[in-house]
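S.K.: after the sequence you'll find the predicted model.
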Number of protein chains: 2
Amino acid sequence: MPDVPLPFARAEYSDRLAKVRRAMNDAGVEVLFTCDPSNMAWLTGYDGWSFYVHQGVIVGPSGDPVFWGRSMDANGALRTCYMAPEDIVGYSDDFVMSTQRHAMQDLARVLGERGWNDKALGVEMENYYYSARAHAVLSAAHGGVLVDATALVNWQRAIKSPGELAFMRRAAQIVENMHAAILENIRPGRRKNELVAEILRTGMWGGEDEEGRFGGDYPAIMPLLPTGMDATAAHLTWDDKPMETGAGTFFEIAGCYRRYHVPLCRTVYLGDPPVDMLVAEEAVLEGIADGIEAARAGNTAGDVARAFYSVLEKRGISRQGRCGYPIGISYPPDWGERTYSIRPSDETKLAPNMTFHFMPALWMDSWGLEITETLRIAEDGPAEPLADYPRKLFVKG
Amino acid sequence: MPDVPLPFARAEYSDRLAKVRRAMNDAGVEVLFTCDPSNMAWLTGYDGWSFYVHQGVIVGPSGDPVFWGRSMDANGALRTCYMAPEDIVGYSDDFVMSTQRHAMQDLARVLGERGWNDKALGVEMENYYYSARAHAVLSAAHGGVLVDATALVNWQRAIKSPGELAFMRRAAQIVENMHAAILENIRPGRRKNELVAEILRTGMWGGEDEEGRFGGDYPAIMPLLPTGMDATAAHLTWDDKPMETGAGTFFEIAGCYRRYHVPLCRTVYLGDPPVDMLVAEEAVLEGIADGIEAARAGNTAGDVARAFYSVLEKRGISRQGRCGYPIGISYPPDWGERTYSIRPSDETKLAPNMTFHFMPALWMDSWGLEITETLRIAEDGPAEPLADYPRKLFVKG
């Protein structure tokens, strides 16, 4: 075995693989091709910014998973995965961004070499890294049936191991530090990009615990920090204009440690917030408290959403949609796990050590307010917020 | 029209739309659905980190483009696009990460409302943001034929306008500053994540020109900075280990200004570089010089690659694959334009104001060396490197 500094013990990877094989069996999938970079990393340790070309991990009926990707990234797999070199397969650069040939032809060849060409092959139909063209080419080249295995691996990631939770606690400390940097640096006249410079710097700097100093990793979503009317939209990034008095800015950010995320959002108002924002703050805080109370093992994702929404309704605030999603290991463009959602209609049962971003943000007609928590479902009682940061609307003069 | 601070003059967007309509006509596409976030931004000004849900810009036979996306992102479109509100269409949150319904059903409904349900619809079969499932659902719901329009818009972006080049010159200044920060901060014992903290901080901080200070934007790829054996792989990011003497680290980074990128790679060796690395440096520098000489209007992308490869061959260094790609506006996960490639087989004719990352990196058995330039094809003579930074292997004691 190569001498690779894996994030987790070798046994944990075996457990994960066994869980995935059980799910494959239940879904009638004989061979799985997962190209979601989060799934790839979770199964094998693979870590690299190479997901912009076709690549994936193949889980066959037995044996170790197989990394398949661009040749130069097979080198990266040799440096980051636990598998032996014979299970790390690279394709030539001729396949990259070519209109003449497609990497999925090579994947079919590799499947054939291993005697898997007639197997029921699970593919992630709804994934950023499995394009419509990739599916068309693979469908034509693979001898067996293709089965939609979207989120099959993602679901196995829902309950976090002690090792994963330790990583997330580090990510939580990082996001606390990032918010502290915001409060220290935000002021009227400060250009927003300079604030981002401090946020990212702090996030990469990392933190410190009983084992010593640790560094930060890049979050799967860049900081979102719209101000005033821009904060009525959910996903704007930043510009280089000076911050002004008389407007609120929400900060949707995550700390990240070795690809594990803990998002935490807070809002800072420069000046005197309008009364309706203060009223909303009170409602959101009560809604979060009730949501955390409802977020317990045995309850459902829907129970959490309903607890939150019933506070909003009582207080006459209208909101719709999701108010949370599972969280853990991730790569761009999204830090969510893309399985269950915190919304009234979702009846996913919560279990200990599930982790989700409880995200009851309000995007109103003239401002936005984001106060959120990343929660861990406890063995007993209400969920545990992973970060420890004052839960309120911050006001700076 | 909404009062939106567009990156470019309204007339430039009209020109772009007209170019796209001509290309649609040539390709037999009556209505185009482009979900590549770079294409969306280039056509409409839309800017937000919302590409992790289904969205796109629809170009019909006449009139302004239509933004279609999640409701909360339609708010973002109102803040960043030039189109009137009736051409900004949002779908409800029920469609997000749902297994019951798919956003493409809503897209088909919107196309139908505009009388476009029977039109030949161009879709980007090979794009991160057009999943296999999206294509299956849209194929079933759309009345007309679906045509592969991958890169149709991307190709229209190849030649940069004066406004785009002005943005790229700012991005070039930013990447120069980032490399200066690397040289200032790298030293044995410095943890790598701390180096990244300074790189990102400097990138966001921005620069200054005759119009004043300007801020940086997030690059579409996070810094790649592998050391020693890790640098034999192309796309590793970073860890929190201290840097050590006796190894080289390449820095693959880009400056970014309002989504326009200028990548520039350099390598820094701590200690005394091995002789074969110095020999390779000389070859790469000669190869770059010859490549720049060949990179001129009327020549082809292949000419540039051949000029570079003939130096390597002459000097007995073996390398294969692409050594460059077009560059400009972009969003994660890739900063390339994904049209032509700088490789011997590519016969794309170069024209003035085409811009590409000339990327003749070497990933060898025990080290990696990246010295690269972003080039602009000049009206006459050899290409112009956009950044002005010493072109060499840096050695620090």
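M.R.: Perfect, thanks for sending it.
S.K.: and the stretch 51-200 of chain A, which residues reach chain B?
M.R.: Contact residues, the stretch 51-200 of chain A versus chain B (Cβ under 8 Å from any Cβ of the partner chain): A:51-52, A:71-73, A:75-76, A:78-80, A:92-94, A:96-98, A:123, A:125-136, A:148, A:150, A:191-194, A:196-198, A:200. In short, each C-beta sits where N, CA and C put it, glycine included.
S.K.: let's see which of these end up in strands.
M.R.: A:Val123, A:Asp148 (DSSP state E).
S.K.: buried only: go through the residues of the stretch 51-200 of chain A next to chain B for me.
M.R.: Buried by 16 or more other Cβ atoms under 10 Å in any protein chain shown: A:51-52, A:71-73, A:75-76, A:78-80, A:93, A:96-97, A:123, A:125-136, A:148, A:150, A:191-194, A:196-198, A:200, out of those.
S.K.: A:Cys256 reaches A:Asp217, doesn't it?
M.R.: Yes. Using Cβ atoms under 8 Å, A:Cys256 is in contact with A:Asp217, at 4.3 Å.
S.K.: quick one: residues contacting A:Glu337.
M.R.: Residues in contact with A:Glu337 (Cβ atoms under 8 Å, 6 or more residues apart in numbering or on different chains) are A:Ser38, A:Asn154, A:Arg157, A:Ala158, A:Tyr325, A:Pro326, A:Ile327, A:Gly328, A:Ser330.
S.K.: so the first one touches A:Pro332, yeah?
M.R.: No. Contact between A:Ser38 and A:Pro332 fails when scored by Cβ under 8 Å: they sit 10.1 Å apart.
S.K.: direction included, what does the lowest-mean-pLDDT helix or strand in chain A pair against?
M.R.: Sorting the helices and strands of chain A by mean pLDDT, DSSP states H and E puts strand A:362-363 at the bottom, at a mean of 91. Sheet pairing of strand A:362-363 (DSSP bridges) gives strand A:368-369 (antiparallel).
S.K.: what's the mean pLDDT across the strand it pairs with?
M.R.: Average pLDDT, strand A:368-369: 95.
S.K.: quick one, what contacts the nearest residue to A:Val96 once chain neighbours are set aside?
M.R.: Once flanking residues are discounted, A:Val96 sits nearest to A:Val53: 5.6 Å by Cβ to Cβ, 6 or more residues apart in numbering or on different chains. A:Val53 makes contacts with A:Gly69, A:Arg70, A:Asp73, A:Val96, A:Met97, A:Ala103, as judged by Cβ under 8 Å, 6+ apart.
S.K.: determine the longest helix present in chain A.
M.R.: helix A:162-185 (DSSP state H).
S.K.: what are the buried residues along that helix?
M.R.: A:164-165, A:167-179, A:181-182, A:185.
S.K.: please apply the same query to stretch A:352-365.
M.R.: Buried residues in stretch A:352-365 (16+ other Cβ under 10 Å): A:Asn353, A:Met354, A:Thr355, A:Phe356, A:His357, A:Phe358, A:Met359, A:Pro360, A:Ala361, A:Leu362, A:Trp363.
S.K.: what's the closest of the residues you listed to chain B?
M.R.: The nearest member of the buried residues of stretch A:352-365 to chain B, counting by Cβ to the nearest Cβ, is A:Trp363 at 5.8 Å.
S.K.: what pairs with that closest one across the strands?
M.R.: A:Trp363 has these beta-bridge partners by DSSP bridges: A:Gly368.
S.K.: contacting residues around it?
M.R.: A:Ala231, A:Thr232, A:Ala233, A:Ala234, B:Met72, B:Asn75.
S.K.: check A:Gly48 too.
M.R.: A:Asp73, A:Gly76, A:Ala77, A:Thr80, B:Ala233, B:His235, B:Leu236, B:Thr237.
S.K.: and the least confident of these?
M.R.: B:Ala233 (89).
S.K.: where does A:His261 sit: helix, strand or coil?
M.R.: Three-state call for A:His261 (DSSP: H, G, I helix; E, B strand; the rest coil): strand.
S.K.: what bridges to it?
M.R.: As for beta bridges, A:His261 partners with A:Cys256 under DSSP bridges.
S.K.: gap between it and A:Tyr218?
M.R.: Distance, A:His261 to A:Tyr218, using Cβ to Cβ, to the nearest Å: 10 Å.
S.K.: and A:Ala132, by the same measure?
M.R.: 28 Å.
S.K.: leaving out sequence neighbours, find the closest residue to the closest residue to chain B within the stretch 251-397 of chain A.
M.R.: Nearest residue of the stretch 251-397 of chain A to chain B: A:Gly321, at 3.1 Å (Cβ to the nearest Cβ). In this structure, A:Gly321 finds its nearest non-sequential neighbour in B:Asp93, 3.1 Å apart by Cβ to Cβ, 6+ apart.
S.K.: could you dump the contacts of A:Val53 into CSV and include distance to A:Ala141?
M.R.: Output for those, formatted as CSV (distance: Cβ to Cβ, whole Å):
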residue, distance to A:Ala141
A:Gly69, 17
A:Arg70, 18
A:Asp73, 21
A:Val96, 18
A:Met97, 19
A:Ala103, 11
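S.K.: pLDDT check: weakest of those?
M.R.: Minimum confidence in the contacts of A:Val53 sits at A:Met97, scoring 82.
S.K.: now do the contacts for that residue.
M.R.: Shown in contact with A:Met97 (Cβ under 8 Å, 6+ apart): A:Val53, B:Arg322, B:Tyr325, B:Gly336, B:Arg338, B:Ser341.
S.K.: and of the residues you listed, the nearest to B:Ala378?
M.R.: B:Tyr325 (19.2 Å; Cβ to Cβ).
S.K.: which element is the residue lying closest to A:Ser345 once chain neighbours are set aside on?
M.R.: The shortest distance from A:Ser345 to any non-neighbouring residue, by Cβ to Cβ, 6+ apart, is to A:Gly302 (6.3 Å). Under DSSP states H and E, the secondary-structure element containing A:Gly302 is helix A:301-314.
S.K.: packing partners of that helix?
M.R.: On a contact count with 3 or more Cβ pairs under 8 Å, 6 or more residues apart in numbering or on different chains; DSSP states H and E, helix A:301-314 meets helix A:275-294, strand A:324-326, strand A:355-358.
S.K.: just send these back as JSON lines, with distance to chain B too.
M.R.: Output for the helices and strands packed on helix A:301-314, formatted as JSON lines (distance: least, Cβ to the nearest Cβ, whole Å):
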{"stretch": "helix A:275-294", "distance to chain B": "16"}
{"stretch": "strand A:324-326", "distance to chain B": "7"}
{"stretch": "strand A:355-358", "distance to chain B": "13"}
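S.K.: TSV for these, including mean pLDDT?
M.R.: As requested, the helices and strands packed on helix A:301-314 are exported to TSV (pLDDT from 0 to 100):
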stretch	mean pLDDT
helix A:275-294	97
strand A:324-326	97
strand A:355-358	98
